[in-house]
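Asker: Need a 3D model of the sequence below.
(one chain, ligands or ions: 1)
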Amino acid sequence: MFYRLRHDFQLSIITLLGACAVFGITPFAIFRFITGNALAGLTDLVILVSICAAVVYAWLTGDNRRAGFCLAMFTCTGGVMVATLLGDVGLFWLYPAMVTSFFLTVPFVAVVVNSLAVVALVIEDVAFDSHEQMLSFVTTCVVVSSCAYIFARRNEHQRERLERLATHDPLTGVKNRRAMEEELQAAVANYSRNRMPYALIIFDLDHFKRINDGFGHARGDEALVECAELIRRCTRKSDQLFRFGGEEFVLLMPGVRESGIRAVAENLRHKVASELLTPAGPITASFGVSCLDGTDDAESWLARADEALYEAKSLGRNRVVIRPSPVEPGCGSGTAGSPASRRRIPD
Ligand SMILES: Nc1nc2c(ncn2[C@@H]2O[C@H](COP(=O)(O)OP(=O)(O)OP(=O)(O)O)[C@@H](O)[C@H]2O)c(=O)[nH]1
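Answerer: This is a model prediction of the structure:
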């Protein structure tokens with residue numbers, strides 16, 4: 001429970017709001033019933049139960065988006081109902097409700113929900129003592145919502161930026177090794193649930209050091225960027241390219257069956273050899289391939305592809321080696337080889 005609260009910001013906000021609702025609204029609900037204002041008490045109770053239901057829904061389903069939207073609706077509707085019943089005393093509740101909307105749902109939706117609440121109160125015109133009070137209320141609501149909107153947008157933008165920095169390679173723009181590890185785990189889980197076939201290709205540019213040594217690191221960088229672009233152009237949208245490190249990339253291909261993987265990998269090898277032009281002339285790449293099988297975890301699957309790449313390098317580079325699964329042979333026609341001690345490749 002604490003793990004989820006620590007790692008899921010929106011769930012923690014939803015839970016916090018639930019706790020605030022229980023401790024903040026319950027005394028008012030009791031007070032209304034005691035003082036004979038049963039309608040206001042009942043309204044508080046309905047708001048309370050709705051908020052608690054949304055919190056429970058978020059915990060059970062993990063669907064924070066829907067729960068957050070419902071909560072924003074409930075709190076703003078509650079604010080309107082309380083203001084309608086209690087007049088200007090109840091109007092104050094709308095301010096925290098409006099600010100909370102921005103924590104619960106996306107900024108645009110929060111603005112819409114808040115605006116609907118304010119418009120509803122203006123149309124009803126029962127909560128205000130005078131038109132001057134109404135105007136003041138509407139103006140302050142617009143100020144509060146605008147500030148919260150700007151803040152929420154900035155927050156959203158920064159979160160996206162941080163997320164991108166954590167998951168993407170800054171040079172080539174493709175996903176990084178960290179993101180790859182997560183995607184491989186997800187693929188293994190998907191395979192065991194739905195038997196969705198997956199192929200993994202690790203490829204490494206051949207003699208890349210020569211470009212750096214002969215033409216400088218900047219030209220080497222350009223070649224890496226061009227390589228990533230070329231591979232992205234030649235693969236499907238559902239395929240995912242990662243930079244594994246240095247001049248080595250990983251391609252995760254969902255839906256590619258054992259029977260088709262050699263043609264796919266050979267096509268990529270051919271594209272690199274014929275279209276990737278570097279200052280040192282055309283450059284080639286070596287490819288190691290493995291298909292996911294029922295006994296694999298992410299590590300063993302990646303290790304098989306890595307062994308295949310090592311073998312491709314050892315056999316002279318610019319080639320595809322497929323490492324069949326030890327339990328489910330048939331992932332292309334692999335070249336047998338001993339497990340590789342990683343990367344001591346003869347020239
Ligand atoms: N320009 C550039 N070079 C990089 C980057 N990361 C790694 N390298 C270089 O990639 C080269 C890798 O060299 P090696 O591991 O010897 O591999 P190789 O020369 O490609 O030879 P083989 O892989 O055996 O075919 C080194 O010169 C690294 O400095 C990078 O981000 N930019």
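Asker: Number of residues surrounding the residue in the stretch 201-347 of the chain that the ligand sits nearest to?
Answerer: Nearest to the ligand in the stretch 201-347 of the chain, going by Cβ to the nearest ligand atom, is residue 220, at a distance of 2.6 Å. C-beta: built from backbone N, CA, C; applies to glycine. Applying other Cβ atoms under 10 Å, we find 22 residues neighbouring residue 220.
Asker: what sits against it?
Answerer: For residue 220, the contact set (Cβ atoms under 8 Å, 6 or more residues apart in numbering) comprises 208, 211-212, 247.
Asker: Secondary structure added to those residues, as JSON lines?
Answerer: Putting the contacts of residue 220 into JSON lines (DSSP: H, G, I helix; E, B strand; the rest coil) gives the following:
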{"residue": "208", "secondary structure": "helix"}
{"residue": "211", "secondary structure": "helix"}
{"residue": "212", "secondary structure": "helix"}
{"residue": "247", "secondary structure": "coil"}
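Asker: related to what we said a few turns ago, surely the residue of the stretch 201-347 of the chain closest to the ligand is in a strand?
Answerer: No. Using three-state DSSP, the assignment for residue 220 is helix, not a strand.
Asker: contacting residues for the residue in the stretch 51-200 of the chain that the ligand sits nearest to?
Answerer: Closest approach of the stretch 51-200 of the chain to the ligand (Cβ to the nearest ligand atom) occurs at residue 171, with a separation of 5.7 Å. Residue 171 makes contact with 221, 224-225, 243 under the criterion Cβ under 8 Å, 6+ apart.
Asker: Need the phi and psi values for it.
Answerer: phi -80, psi -50 (degrees, to the nearest 10).
Asker: Repeat that for residue 92.
Answerer: When read as degrees, to the nearest 10, the backbone of residue 92 gives phi -60, psi -30.
Asker: end to end, how far does stretch 56-68 reach?
Answerer: In stretch 56-68, first residue to last residue: 12 Å (Cα to Cα, to the nearest Å).
Asker: List the buried residues in it.
Answerer: Neighbour-count burial for stretch 56-68 flags 57-59, 64, 67-68 (criterion: 16 or more other Cβ atoms under 10 Å).
Asker: what do you get for stretch 22-32?
Answerer: 25, 28-29, 32.
Asker: can you check stretch 144-164 too?
Answerer: Across stretch 144-164, burial judged by 16+ other Cβ under 10 Å covers 144-145, 148-149, 152.
Asker: any idea of the mean pLDDT for it?
Answerer: On average, the pLDDT along stretch 144-164 is 94.
Asker: ok, back up a step: columns neighbour count on top of the contacts of residue 220, output as CSV?
Answerer: As requested, the contacts of residue 220 are exported to CSV (neighbours: other Cβ atoms under 10 Å):
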residue, neighbour count
208, 20
211, 23
212, 16
247, 21
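Asker: Please go through those and note which also touch the ligand.
Answerer: Among the contacts of residue 220, proximity to the ligand is found for 208, 212, 247 (Cβ under 6 Å from any ligand atom).
Asker: and of those, the nearest to residue 273?
Answerer: residue 208 (14.0 Å; Cβ to Cβ).
Asker: pretty sure that closest one is in contact with residue 227, am I right?
Answerer: No. Under the criterion of Cβ atoms under 8 Å, residue 208 makes no contact with residue 227, lying 9.5 Å away.
Asker: Was I right to think residue 282 contacts residue 271?
Answerer: No. Applying Cβ under 8 Å, one finds residue 282 not in contact with residue 271, separated by 11.3 Å.
Asker: per-residue pLDDT, the closest residue to the ligand within the stretch 1-150 of the chain?
Answerer: The ligand sits closest to residue 7 of the stretch 1-150 of the chain, with a gap of 31.3 Å, by Cβ to the nearest ligand atom. For residue 7, the pLDDT comes out at 78.
Asker: what's the answer for residue 335, then?
Answerer: 45.
Asker: what's around the residue nearest to residue 70 when sequence neighbours are not counted, how many residues?
Answerer: Spatial nearest neighbour of residue 70, chain neighbours left out: residue 54 (4.7 Å); criterion: Cβ to Cβ, 6 or more residues apart in numbering. Residues near residue 54, counting by other Cβ under 10 Å, number 25.
Asker: Check the gap between residue 54 and residue 75 for me.
Answerer: 10 Å (Cβ to Cβ, to the nearest Å).
Asker: so what does the helix or strand encompassing residue 204 touch, helix or strand wise?
Answerer: Taking DSSP states H and E as the criterion, residue 204 maps to strand 198-205. Where contact means 3 or more Cβ pairs under 8 Å, 6 or more residues apart in numbering; DSSP states H and E, strand 198-205 is packed against helix 177-194, helix 217-234, strand 248-254, helix 261-275, strand 285-291, helix 298-314.
Asker: Send me the last one as PDB with only the CA atoms.
Answerer: Extracted in PDB, the C-alpha atoms of helix 298-314 (Å, rounded to 0.1, in the frame of the first residue of the first chain):
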ATOM      1  CA  ALA A 298      14.000 -10.900 -20.200                       C
ATOM      2  CA  GLU A 299      17.600 -11.600 -19.200                       C
ATOM      3  CA  SER A 300      17.900 -15.000 -20.900                       C
ATOM      4  CA  TRP A 301      16.200 -13.800 -24.000                       C
ATOM      5  CA  LEU A 302      18.500 -10.800 -24.300                       C
ATOM      6  CA  ALA A 303      21.500 -13.000 -23.500                       C
ATOM      7  CA  ARG A 304      20.600 -15.300 -26.400                       C
ATOM      8  CA  ALA A 305      20.500 -12.400 -28.900                       C
ATOM      9  CA  ASP A 306      23.700 -11.100 -27.500                       C
ATOM     10  CA  GLU A 307      25.500 -14.400 -27.900                       C
ATOM     11  CA  ALA A 308      24.200 -14.500 -31.500                       C
ATOM     12  CA  LEU A 309      25.600 -11.000 -32.100                       C
ATOM     13  CA  TYR A 310      29.000 -12.100 -30.700                       C
ATOM     14  CA  GLU A 311      29.000 -15.000 -33.100                       C
ATOM     15  CA  ALA A 312      28.100 -12.800 -36.000                       C
ATOM     16  CA  LYS A 313      31.100 -10.600 -35.200                       C
ATOM     17  CA  SER A 314      33.300 -13.600 -34.700                       C
END
